[in-house]
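Engineer: Please find the sequence and the predicted model below.
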Amino acid sequence: MPNVHNWQIGREMNYPYTQAFPSRQFAFVFNINRCIACQSCTMACKSTWTFSKGQEHMWWANVETKPYGGYPQFWDAKILDLLEKSNPGNQQWSGQPSADKKKPYGQFDGKTIFEAHNMLTPDSARVLGYLPTDEEWNSPNIFEDNPVGKKGVRNELDKEGATLPEHKTWFFYLARICNHCSYPACLAACPRKAIYKRPEDGIVLIDQKECRGYRKCVEACPYKKTMYRGNTRVSEKCVACYPRIEGKDPESGGQPMETRCMAACIGQIRMQGLVKMNKDGTWAEDRYNPLYYMVHVAKVALPLYPQFGTEPNGYYIPPRWVPRDYLKQMFGPGVDEAIERYSYPDRELLAVLQLFRRSNLIIDRYEIKEGEKIYEATLRGRKITMYNDTVIAYGQNGKEIFRTQVEEPVHVRPNKHANSI
Amino acid sequence: MPFKDPDPTDPNMLVGVMLPADAEATRDMAYVFAEEFARLGYSREQLLWLFKNPFYGGAHGAYRALGENETLSIIDECLDAWGQAQFSILDFGFSIEEATGANSVSDVDSEQTRRQVETENNIAAYSAPRAIQNPKSKIQNGGSGGSDA
């Protein structure tokens, strides 16, 4: 089994294929602090790609309420449990987050899903995983997904009303899509090589003609983002809205455009882009690309469960109020730094955060024009300084897409035209 | 919503499972809601309403746990840090009274007129209600927002 370098876990690891990287990689940053679980992303995806018969359980984009929710239910708890059983007590990180781009979060010394050989069944299996049960696929966001009738009574609403369980503790909303991993577990597990990663943008797709529905990808993907369709007997997954990425959407003018789930986000938590890659799989220096800035310079955005080993390309600004142990399990050792920097953002980060959802075109580069200092204040004993900087976003063709300010104008539609769109 | 009751013998089922949380986590959560929405331009009243509204489970839970006085103190601290930026309500040819549903001062009857107003860049700028309430804020005259692609 070849060795590949996984920069998110800071070391070489086993992977069934030799490493090969796209010239640019589909990636995204979600700011969990802002997500209110409105499910606009979920429905944007559903109404675009998975509205047909046989796709009822397919939620390529979903928002789940952590820690008790998950789609399919328990997806992360189950794979974490399997990895722990494979390597009891040793699923640990060592070292410290550093500027080294080959190990920015330190080193993960435990086993990835490609290395837990002692747990694989049958012996020919390549990836540690499991097949969720039908019941686990039932509830898109359990207890918050749909109002229904009494337990066991279908197609009839509860006449007296019902009270949902109230969780008197912390929780947060985790928005998820396929991470279009650099080392996809679905691709590694497919016995027919029906899954491929596109060299131009790193999007992972299933060739529907080659797939025979063995569900090895469903079993292998630790994020459970490949799904089996019973009536066609093949598997399907998030396609990263690739026609939009290719600039085929009429609205895009030929320029790369963000996916439907990104564009629909009313909480403005999402930014998606294409990052330039080095030949060794690390991100090429691209200082004024907003994703590069947030992941490698400000380091406020962290990968989801990097210890699984797939090098996911989805990054999250962690929720600030959640206990750190839980967050470190989910996002790795960079959590403390990320929260510190996001809570007390510097001048550049404040400006970059303004770029979220001002346009549906993919931002290739940003530029900041410094504005006047507006005021200083203190928050929880720390000084906050606000500058009214202007941030300008440029597209792939080098043309300006938009410009906005830290001191952002607020537009209000008058009541008489509230529904005039 | 599942149709079966949770199975207490299922180790993955969170039934009576103690989660690592304390009062500090609730306070932190309240700070985050107040900060994020203060950054979005919410006023003191709007922020308090968000905490009082039971539909916002997280914020409302924090409000009930902390009480109104502590919630208000968090809101004030966050508004002081993030809510001082001057901002404008910009809409083409409308007054603040009309925008907020109060007495109608100006009138634009048709989409065509709206577009014309926009073309002429005759954008009326008004101070937001919070800007009036907050003495540190200034009323902005003129200016324009970013243009979407």
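Structural biologist: Perfect, I can see it now.

Engineer: Run a quick neighbour tally on the residue nearest to B:Ala34 when sequence neighbours are not counted.
Structural biologist: Excluding the flanking residues, the one nearest B:Ala34 by C-beta to C-beta, 6 or more residues apart in numbering or on different chains is B:Cys78, at 3.9 Å. All C-beta spots, glycine's among them, are computed from the backbone N, C-alpha and C. Neighbour count of B:Cys78, defined by other C-beta atoms under 10 Å in any protein chain shown: 26.

Engineer: can you list contacts of the strand or helix carrying B:Cys78?
Structural biologist: Following DSSP states H and E, one finds B:Cys78 within helix B:68-82. Under the contact criterion C-beta atoms under 8 Å, 6 or more residues apart in numbering or on different chains, helix B:68-82 has outside partners A:377-380, A:384, B:27, B:30-31, B:34-35, B:38-39, B:44, B:47-48, B:51, B:62-63, B:66, B:134.

Engineer: From those residues, which land in strands?
Structural biologist: Of the contacts of helix B:68-82, the ones assigned to strands by DSSP state E are A:Ala377, A:Thr378, A:Leu379, A:Ile384.

Engineer: could I get those as CSV with pLDDT and neighbour count?
Structural biologist: Below are the ones in strands among the contacts of helix B:68-82 laid out as CSV (pLDDT from 0 to 100; neighbours: other C-beta atoms under 10 Å in any protein chain shown):
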residue, pLDDT, neighbour count
A:Ala377, 88, 19
A:Thr378, 88, 11
A:Leu379, 87, 17
A:Ile384, 86, 18
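
Engineer: how much space is there between A:Asp158 and A:Gly152?
Structural biologist: Computed as C-beta to C-beta, to the nearest Å, the A:Asp158 to A:Gly152 distance reads 12 Å.

Engineer: When the two are compared, which one has more neighbours?
Structural biologist: Using other C-beta under 10 Å, the more surrounded residue of A:Asp158 and A:Gly152 is A:Asp158, with 12 against 8.

Engineer: And the pLDDT at that one?
Structural biologist: A:Asp158 carries a pLDDT value of 75.

Engineer: could you say which helix or strand contains it?
Structural biologist: Assignment of secondary structure by DSSP H and E places A:Asp158 within no helix or strand.

Engineer: what about it, distance to A:Lys151?
Structural biologist: 10 Å.

Engineer: ditto for A:Lys225
Structural biologist: Counting by C-beta to C-beta, the gap from A:Lys225 to A:Lys151 is 29 Å.

Engineer: So for the two, which sits in the more crowded spot?
Structural biologist: Ranked by neighbour count (other C-beta under 10 Å), A:Lys225 and A:Lys151 place A:Lys225 first, with 28 against 12.

Engineer: Tell me who's in contact with that one.
Structural biologist: For A:Lys225, the contacting residues are A:Trp60, A:Arg176, A:Ile177, A:Cys178, A:Asn179, A:Cys186, A:Lys237, A:Cys238, by C-beta under 8 Å, 6+ apart.

Engineer: Quick check: phi and psi at it.
Structural biologist: Main-chain dihedrals, A:Lys225, degrees, to the nearest 10: phi -110, psi 10.

Engineer: Equivalent analysis for A:Ala27, please.
Structural biologist: Dihedral angles of A:Ala27 (phi, psi; degrees, to the nearest 10) stand at phi -150, psi 160.

Engineer: any idea how far the nearest residue to it once chain neighbours are set aside is from chain B?
Structural biologist: In this structure, A:Ala27 finds its nearest non-sequential neighbour in A:Asn313, 4.2 Å apart by C-beta to C-beta, 6+ apart. Note on A:Asn313: its distance to chain B, by C-beta to the nearest C-beta, to the nearest Å, is 24 Å.

Engineer: Tell me, how many residues neighbour A:Asn313?
Structural biologist: A:Asn313: 26 surrounding residues under other C-beta under 10 Å.

Engineer: Tell me which residues touch the residue lying closest to A:Asn90 once chain neighbours are set aside, please.
Structural biologist: Closest residue in space to A:Asn90, ignoring its immediate chain neighbours: A:Gly110 at 5.4 Å, by C-beta to C-beta, 6+ apart. Contact analysis of A:Gly110 by C-beta under 8 Å, 6+ apart lists A:Leu83, A:Asn87, A:Asn90, A:Gln91, A:Gln92, A:Gln307.

Engineer: mind listing what the fifth one touches?
Structural biologist: For A:Gln92, the residues meeting the contact criterion (C-beta under 8 Å, 6+ apart) are A:Phe108, A:Asp109, A:Gly110.

Engineer: Identify, from those residues, the entry nearest to A:Gly267.
Structural biologist: Using C-beta to C-beta, A:Phe108 comes nearest to A:Gly267 of those, at 31.1 Å.
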